[in-house]
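**Student:** structure of the sequence below:
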Amino acid sequence: MASHLKMSVPGYGRIERNEVDVSIERANQIANVLGISLTELISFDEKYIFNNYANNQNAFVINSELHQVDKKTLIELVDYLKQQLQLKDELIKELVLGKKNIK
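**Tutor:** Next up is the predicted model:
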């Protein structure tokens, strides 16, 4: 995981041990490496996984409910998503203007 994130193994270890705060951007990178959404990563509850596995062998279910997520994290997520939407809008505007200049 550390190499996928282009960081040191001890640095990633601090993330796993919850010794450092993780930015939304870094959390998004981790979610991408794991092949899950940022929401799934934030709402991950290992007790739910292990309880489901015990009840239903070979099951891998991720709790989709957001719980125990602090307000700061949600605000950062909203801000990040707003930034992504703004970048998308700017890209669309550039593409539209580029087509007009070609004609």
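**Student:** domain parsing for this structure?
**Tutor:** For the chain, automatic domain parsing gives the domain ranges 1-35, 40-67, 70-103.
**Student:** list the buried residues of the lengthiest helix in the chain.
**Tutor:** In terms of residue count, the longest helix belonging to the chain (DSSP state H) is helix 71-102. If you call a residue buried by 16 or more other C-beta atoms under 10 Å, then helix 71-102 has these buried ones: Glu76, Leu77, Tyr80. Every C-beta, even on glycine, is put in place using the N, C-alpha and C of the backbone.
**Student:** got any ranges where this structure has weak pLDDT?
**Tutor:** Low-confidence segments of the chain (pLDDT under 70): 45-71, 100-103.
**Student:** neighbouring contacts of stretch 4-13?
**Tutor:** Met1, Ala2, Arg26, Gln29, Ile30, Val33 (C-beta atoms under 8 Å, 6 or more residues apart in numbering).
**Student:** can you get me the start-to-end distance on it?
**Tutor:** One end of stretch 4-13 to the other measures 14 Å (C-alpha to C-alpha, to the nearest Å).
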